[in-house]
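*Asks:* sequence first, then the predicted structure:
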Amino acid sequence: MHSSYLYKCRVCGLEQASPPWGEDQRSPSREICDCCGAEFGYEDSSPDSARAYRAKWIGSGAQWFRPKARPDDWDLRSQLAAIAPEFA
């Protein structure tokens, strides 16, 4: 995976404070994404699972898991564009 994607959620593209899958990209943190609610290491364990969870999340209105964390200038399309190509 390209290093620019190291800190991005594989489901929604939100930048995280620490790498969701660790520096080695093999050790999921098991934390929950503030935006889509994906648990790193579960809903994003494969490209297919990330795509399926993303489709379900978007289909349900792309609501923030932690609404207070949502920036005022949030743009779904820009954020989705930050997803690693192999998970897009």
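*Replies:* Received, thanks.
*Asks:* and for the nearest residue to Glu43 once chain neighbours are set aside, the neighbour number?
*Replies:* Excluding the flanking residues, the one nearest Glu43 by C-beta to C-beta, 6 or more residues apart in numbering is Tyr53, at 4.1 Å. The C-beta positions use only the backbone N, C-alpha and C, and glycine is treated the same way. Using other C-beta atoms under 10 Å, Tyr53 has 22 neighbouring residues.
*Asks:* what of Pro85?
*Replies:* Pro85 has 9 nearby residues by other C-beta under 10 Å.
*Asks:* and Glu31, by the same measure?
*Replies:* 15.
*Asks:* for it, what are its contacts?
*Replies:* 16, 18, 20, 39-40 (C-beta atoms under 8 Å, 6 or more residues apart in numbering).
*Asks:* got CSV for those, with neighbour count too?
*Replies:* Formatted as CSV, the contacts of Glu31 follow (neighbours: other C-beta atoms under 10 Å):
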residue, neighbour count
Gln16, 17
Ser18, 11
Pro20, 27
Glu39, 17
Phe40, 23
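*Asks:* among the residues you listed, which are in helices?
*Replies:* When the contacts of Glu31 are checked against helices (DSSP state H), there are no matches.
*Asks:* which residues does Pro19 contact?
*Replies:* With contact set as C-beta under 8 Å, 6+ apart, Pro19 has these partners: 6-7, 25, 29.
*Asks:* ok, and the most crowded of those residues?
*Replies:* Within the contacts of Pro19, most neighbours by other C-beta under 10 Å means Leu6, with 17 neighbours.
*Asks:* and that one, what does it touch?
*Replies:* Leu6 sits next to 19, 23, 25 when contact means C-beta under 8 Å, 6+ apart.
*Asks:* with adjacent residues omitted, what lies nearest to the second one?
*Replies:* In this case it means Glu23. Per C-beta to C-beta, 6+ apart, closest to Glu23 is Leu6, 7.4 Å.
*Asks:* so the residue nearest to Glu43 makes contact with Cys35?
*Replies:* No: between Tyr53 and Cys35 there is no contact under C-beta atoms under 8 Å: 12.0 Å.
*Asks:* helices and strands around the lengthiest helix in the chain, which ones?
*Replies:* Counting residues, the longest helix found in the chain (DSSP H) is helix 47-59. Of the remaining helices and strands, none touches helix 47-59 by 3 or more C-beta pairs under 8 Å, 6 or more residues apart in numbering; DSSP states H and E.
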